[in-house]
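Colleague: got a predicted structure here, sequence first:
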Amino acid sequence: MTKYNWGIIGAGNIAGRFAEDLKLLPHARLKAVSSRSADRASSFAKRYKIPDWYDSWDGIAGDPEVDIVYVATHHPFHFENTRACLETGKAVLCEKPFTMNRRELDILVRTAREKKVFLMEAIWTRFLPSTRKVLELLESGELGKLTSVYADFGFRHEFDPEHRLFDPAKGGGALLDIGIYPVFIAQLMAGPPEKLQATARFAPTGVDHSCDMVFSHGNEVVSSLNCTLLSDAPTEANILFEHGWVRMESWWLTPGPITIHRKDKRPRMVKFREPGNGYHHEAEEVMQCLDRGLTESPSLPLDFSLDLMGTLDAVRAACGIRYPQDNH
Ligand SMILES: NC(=O)c1ccc[n+]([C@@H]2O[C@H](COP(=O)([O-])OP(=O)(O)OC[C@H]3O[C@@H](n4cnc5c(N)ncnc54)[C@H](OP(=O)(O)O)[C@@H]3O)[C@@H](O)[C@H]2O)c1
């Protein structure tokens, strides 16, 4: 496999976890990091042994030695950061949610396709062994036809108007930050919804504190989904078939076991041994695609992300969740 130089934009929490996992991949080299603050950029570079750092994101976009950029800023900046990198020909892995709305994502996808540059949303859960196994069970048909998806993601976070989760200017709110995962698994299993209902509760800053959704997917598959910052929630995904069901165990969106339940049989738990935090799978996917000359991942194509963002827009419209980017 070719060796690739990575750059990271944004020296925050998830950037650190990703940087740790990149070290698991011998053909990945962390070449540069950027932060708005020179202090944060240089201390991040020192901590993860990264040779170069910049005090603005366009340093990464303009670095001729960087092949792939991981965009790890808050959601409202994904659009600008990703677009600049695509314009300079960098492959981009951009954190979820890809953008604030479908209109922004349409522009990024058009740019990537016109320039024939690789682009993928960093939905790391797609590449975890647990998700692959559940997809295998779905595709094999051994449990019969899919009937329902029940998935949630929630934890209690005390209200803090300064925290990114509650600040509309930082793309705060439960749906875009954590609700995207239940919506993702429902779409992966059953396709985008044909009809949906949704309701939200709101924090004093106007962002959604929680969101409950029901999707009708066609073929009589229905998904019931929830995300919340109000309660420590089960955070499980239960996938129901005609002849059994699969539970992706608690904190299902992170590396963890699944349990397969079949009528008249004892439940069987399948565990997966994982090094690191689990972010290396998505990074590996990017490099394998580049090695094959692909500009999109066959496992997480841009049309999937466009549908996902369209659904998030529709859920927001149904509940009245709005952001400044909606007015542009
Ligand atoms: N895949 C996952 O498991 C996972 C987990 C958590 C978060 N995320 C996603 O990752 C993204 C970052 O979340 P986080 O938890 O890492 O947040 P964080 O720790 O607050 O850091 C995010 C970075 O965003 C940058 N940023 C903040 N305000 C900015 C502005 N006005 N202009 C430009 N850059 C700005 C900052 O970069 P500098 O200050 O360094 O410039 C900051 O370090 C979010 O989109 C979130 O959805 C994904």
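Modeller: Yes, it's here. Numbers count the residues shown, from 1 in each chain.

Colleague: neighbours of the closest residue to the ligand within the stretch 201-328 of the chain, how many?
Modeller: Taking Cβ to the nearest ligand atom as the measure, the stretch 201-328 of the chain has Y279 as its residue closest to the ligand, at 7.1 Å. All C-beta atoms are positioned from the backbone trio N, CA, C, and that covers glycine. Y279 has 23 neighbouring residues, counting by other Cβ atoms under 10 Å.

Colleague: quick check: closest non-adjacent residue to it.
Modeller: Spatially, and ignoring its direct neighbours in sequence, Y279 is nearest to D21 (4.1 Å; Cβ to Cβ, 6 or more residues apart in numbering).

Colleague: now that neighbour: how far from K265?
Modeller: 36 Å (Cβ to Cβ, to the nearest Å).

Colleague: which residues does D58 contact?
Modeller: Taking Cβ atoms under 8 Å, 6 or more residues apart in numbering, we find D58 in contact with A84.

Colleague: which SS class is it?
Modeller: Local secondary structure at D58 is given as helix here, using DSSP: H, G, I helix; E, B strand; the rest coil.

Colleague: what do you get for T259?
Modeller: What three-state DSSP gives for T259 is strand.

Colleague: re earlier: looking at D21 and K265, which one has more neighbours?
Modeller: More neighbours surround D21 than the other of D21 and K265, with 21 against 9 (other Cβ under 10 Å).

Colleague: pretty sure that one contacts E284?
Modeller: No: D21 sits out of contact with E284 when judged by Cβ atoms under 8 Å, with a separation of 9.7 Å.

Colleague: residues from this structure in reach of the ligand?
Modeller: Counting by Cβ under 6 Å from any ligand atom, the residues of the chain close to the ligand are 10-15, 35-37, 40, 72-75, 77, 95-96, 122, 124, 164, 177.

Colleague: from those, which ones fall inside strands?
Modeller: E95, A122 (DSSP state E).

Colleague: now a PyMOL select for only the buried ones of the residues of the chain next to the ligand.
Modeller: Entered in PyMOL, the line below selects the buried ones among those, by 16 or more other Cβ atoms under 10 Å:
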select buried, resi 10+11+12+14+15+35+40+72+73+74+75+77+95+96+122+124+177
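
Colleague: next one: the helix or strand of the chain with the lowest mean pLDDT to chain centre, how far?
Modeller: Across the helices and strands of the chain, mean confidence by mean pLDDT, DSSP states H and E is lowest for helix 57-62: a mean of 95. Between the mean C-alpha location of helix 57-62 and the chain-wide mean there is a distance of 23 Å, by Cα atoms, centre = their mean, to the nearest Å.

Colleague: how about that helix, which residues are buried there?
Modeller: Applying a neighbour-count criterion of 16+ other Cβ under 10 Å, the buried positions in helix 57-62 are W57, G59, I60, A61.

Colleague: and the nearest residue to the second one once chain neighbours are set aside, bridged to which residues?
Modeller: Taking Cβ to Cβ, 6+ apart as the measure, G59 lies nearest to S34, with 5.2 Å between them; neighbours along the chain are not counted. When bridges are assigned using DSSP bridges, the partners listed for S34 are I9, Y54.

Colleague: is it true that S34 touches I9?
Modeller: Yes: assessed by Cβ under 8 Å, S34 is found in contact with I9 at 5.2 Å.

Colleague: fine by me, we can end here.
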